[in-house]
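Participant: coordinates for the following, if possible.
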Amino acid sequence: MCDVVRVRVVVARILCLRFPNWPVQVAARRLRNRGEAAAPLALRTRAEWTDAGVGTVGGGRGGATGNVAGLTGVLLEDWRLVRELFPAARTGPAVVAVDRGAWERGVRPGLPLAEARSLAQVRPVRGGKREARVKPAAAGSAAAGHQGDASGGAGVGAGATQLSVQFVEWNPEEDRRELELLGEVARRFAPVVALDELPLPDSLLLDITGCEHLFGGERELAEELLREISDAGLQAVVGVGGRVSAAWAIAHWDPSESEWRAVAGGASGLESGVHPRVLSGSWRVRCLPVGSDRPGIDRLPITAARLPQADVSVLRDLGVGDVGRLLRLPVQDLPSRLSAEAVQRVQQLSGVLPEYLVNLPERDPIVADWSEEQPAQGLRDLMWVLSRLSAVVAGELVRRRQMCGGVECEFRLGSGENLQFAAGLVRPTQDAELLSEVSSLRLEYLLADEQRRGVSGAAGGEVVPEGYLRLAVEPVVLVRLRALAAQLPPARQRSLFGESLTAEEPVEHLAALVSRLTGRLGGERVLRVSERADVRPEFSLRCEPVPDAMQAGGAGAAERALERLAGLAEPLDRLKTPVRRGAGGVADKQSSGSVIAGCVGAGIPDATSVVPRPLRLLEVPVDVTAGLLLDGVEPLPGQSFVAAEQQLRRYPQVRAEGQVWEVEGWSAAERLQTGWWTDRPCQRDYYVVLVRGGSRLWLYRDLQTGRWYLHGVFD
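Facilitator: Model prediction:
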């Protein structure tokens, strides 16, 4: 009986849940919860959030480092971005966000607080009536509509000029906390819910890969999520795409009516789900088609690319105003114009670099504690404790029917100090033994790494235990193990009758091995090789860590990576004949003969029909021109095959690395060329050379100089 293989292709899908004008929305909700009237609202910075309250030594966003009125870490990054966007905040209190009512009274973000208050004042006029100092803008104006999409307070008409603007202190820490709490609402729709990593976050990112069928489709899932958010008294916009960058871009696009008609009515393939007569303010669900993010984001403004403000200004000066033009720029030239962060964002948007999500902590996590009268002493005791706690965590995972994508370990020393670390898993599991091994190996790695660094830095003196080394010598009174919930690995039927376990075993064993190696050696030392979109062989591959179950794509991304490593997901389009690659990386079959005249033997047959690549690629190509060309003949540059053949010896030799190989046969040429815009252009003809003894070498001829180089060895 033959096995019937059924492969279900799982495509990653990311949902971005954006709350427009989030600081105003959440501030207005706090006021409503306290029973205060919903007047026109404006948020202002604190008086101490100025340049006078921060040290200006060092770099960082905005050139400020240190502590600003108690703000540190990500909150300090929020302040720096506000300082960059609104220069008035450097010298005193300034307005950072307004609702529709405040906007209609002339109050704008970036105004100094004193000036904003003067604009919002009311004054008496003739006839005993009172009117606003600034005439309200039309309710349907583009400016008011843009700022009032998610107004935290009630809109005010032309006759409601008696109200003044309420200036409320902006609290970025509370804004972040409430955004994280909304992650619990979103967790019903996706196993991985992350907070936007940018400063001043206004979005949650959900990995909905494989979850859409539970709600009847992606659009139904998004609409149900928006209903939950609406019940909480908030307004939101949803963007769905194949990557984090694409979903974020489409969700943060605030189009005018004409812009919306141009994109939704064009050939972008964007699924709006609404009639063109509906204004953009009602367009809350924006789904990019599966597998084709690029057409839907090409026409978006450059601000949708998540670039720093300085880089946006540079691109606008260059005439790059939309995402499509940005992605068409030569990648090799970007570092000379843009910052490293901007280059990374462009590569993420184009799909060259992966982007991972960090799951928000659960409100009711699975936690196991150990604390006894006799403290744990030494590495052996700690490993025994971790083994017991892993069994407790695994039992709770089974009871809740959840999987674990990693663990967080916390140790409290006798001195009261806490030390903690995290250990990830490549594949979600409920196995207590694997959880114990991964956490114990991670602890061993941290101890060994600090011991090595401590010994090397001691310079012959006594090593004083610091950091994690203190766990080996000081008593530990409390050990806490917390499980990180993860998405279930995708279930796939690989055979018709009861043999599916044999297909799963390689993936399970490989996942356990990679998890153990990562815990013992560190994630930066356990890498996989992946292809890069570069025609030059020396730049065609890159090494990157294996994604774990808590990152973007969840268990699905890790599962696909493991299947490729285990050889269970071999792409079918790799079976090609030797090719010639042009300037754009397009492959064309070489039309020349398979044997260069003057060489002994026939051409090398291509038995496997796979583009030949050597087992070992030399870091620096070796010049072998002397042994191949006739004596006294200078290399002839150019693309002529006939001229190159006439310069070769009758019996060519390859002399490199102290060895001499006699050439017996050549393959057809494979031409590799890069575009004119690259900083180091490549124009080469590659040959697989058969030498006496059966070995094969990889040689190329530089078309610009005519010289020959050894670049790789197949054996």
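Participant: what's opposite Leu413 in the beta bridge?
Facilitator: When assigned by DSSP bridges, Leu413 has beta-bridge partners Val476.
Participant: could you pull out the strands in the stretch 251-400 of the chain for me?
Facilitator: 285-287, 366-370 (DSSP state E, counting those that start in this stretch).
Participant: now the stretch 101-250 of the chain
Facilitator: Counting by DSSP E, counting those that start in this stretch, the strands of the stretch 101-250 of the chain are 122-124, 130-132, 166-169, 192-195, 203-207, 237-241.
Participant: mind checking which helix or strand of the protein has the lowest mean pLDDT?
Facilitator: One helix or strand of the chain scores below all others by mean pLDDT, DSSP states H and E: helix 142-147, with a mean of 34.
Participant: comparing the strands of the stretch 101-250 of the chain, which yields the minimum mean pLDDT?
Facilitator: Ranked by mean pLDDT, the strands of the stretch 101-250 of the chain end with strand 130-132 at the bottom, a mean of 43.
Participant: state the mean pLDDT of the longest helix along the chain.
Facilitator: Criterion DSSP state H: the longest helix present in the chain is helix 432-458. The predicted model gives helix 432-458 an average pLDDT of 82.
Participant: and it, how far out from the chain middle?
Facilitator: On the basis of CA atoms, centre = their mean, to the nearest Å, helix 432-458 sits 28 Å off its chain's mean C-alpha point.
Participant: so which elements touch it?
Facilitator: helix 379-400, strand 403-413, strand 418-429, helix 470-473, helix 500-521 (3 or more CB pairs under 8 Å, 6 or more residues apart in numbering; DSSP states H and E). C-beta coordinates here come from the backbone N, C-alpha and C atoms, glycine included.
Participant: follow-up on the earlier one: export the strands of the stretch 101-250 of the chain as TSV, with columns for mean neighbour count.
Facilitator: Output for the strands of the stretch 101-250 of the chain, formatted as TSV (neighbours: other CB atoms under 10 Å):
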stretch	mean neighbour count
strand 122-124	11
strand 130-132	16
strand 166-169	18
strand 192-195	24
strand 203-207	27
strand 237-241	26
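Participant: columns distance to Val407 on top of those strands, output as a markdown table?
Facilitator: Listed next are the strands of the stretch 101-250 of the chain as a markdown table, based on distance: least, CB to CB, whole Å:
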| stretch | distance to Val407 |
| --- | --- |
| strand 122-124 | 59 |
| strand 130-132 | 59 |
| strand 166-169 | 39 |
| strand 192-195 | 16 |
| strand 203-207 | 20 |
| strand 237-241 | 31 |
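Participant: ok, which of those strands comes nearest Tyr356?
Facilitator: strand 192-195 (8.8 Å; CB to CB).
Participant: now the closest one - C-alpha only, CSV.
Facilitator: Presented in CSV, the C-alpha positions along strand 192-195 are these (Å, rounded to 0.1, in the frame of the first residue of the first chain):
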residue,chain,number,x,y,z
VAL,A,192,0.6,35.1,20.1
VAL,A,193,-0.2,38.7,21.0
ALA,A,194,2.6,41.3,21.0
LEU,A,195,2.9,45.0,21.7
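Participant: what residues of stretch 421-433 count as buried?
Facilitator: 421, 423-432 (16 or more other CB atoms under 10 Å).
Participant: so Arg400 sits against Pro365, correct?
Facilitator: No - taking contacts as CB atoms under 8 Å, Arg400 lies outside contact range of Pro365: 10.7 Å.
Participant: so where is the chain shaky, pLDDT-wise?
Facilitator: Applying pLDDT under 70 to the chain flags the ranges 1-10, 37-38, 53-73, 122-163, 256-282, 454-466, 486-505, 549-611, 676-679.
Participant: wait, what's in contact with Trp370?
Facilitator: 376, 385, 388-389, 478-480 (CB atoms under 8 Å, 6 or more residues apart in numbering).
Participant: any idea how far the residue nearest to it when sequence neighbours are not counted is from Met383?
Facilitator: Leaving aside its chain neighbours, Trp370 sits nearest to Val479 (4.5 Å; criterion: CB to CB, 6 or more residues apart in numbering). To Met383, Val479 is 11 Å away according to CB to CB, to the nearest Å.
Participant: more crowded one of those two?
Facilitator: Remark: of Val479 and Met383, Val479 carries more neighbours, 23 against 17, as counted by other CB atoms under 10 Å.
Participant: could you pull up phi and psi at that one?
Facilitator: Per-residue torsions, Val479: phi -130, psi 130 (degrees, to the nearest 10).
Participant: report the contact partners of it.
Facilitator: Contacts of Val479 by CB under 8 Å, 6+ apart are 369-371, 376, 382, 385-386, 389, 409-412.
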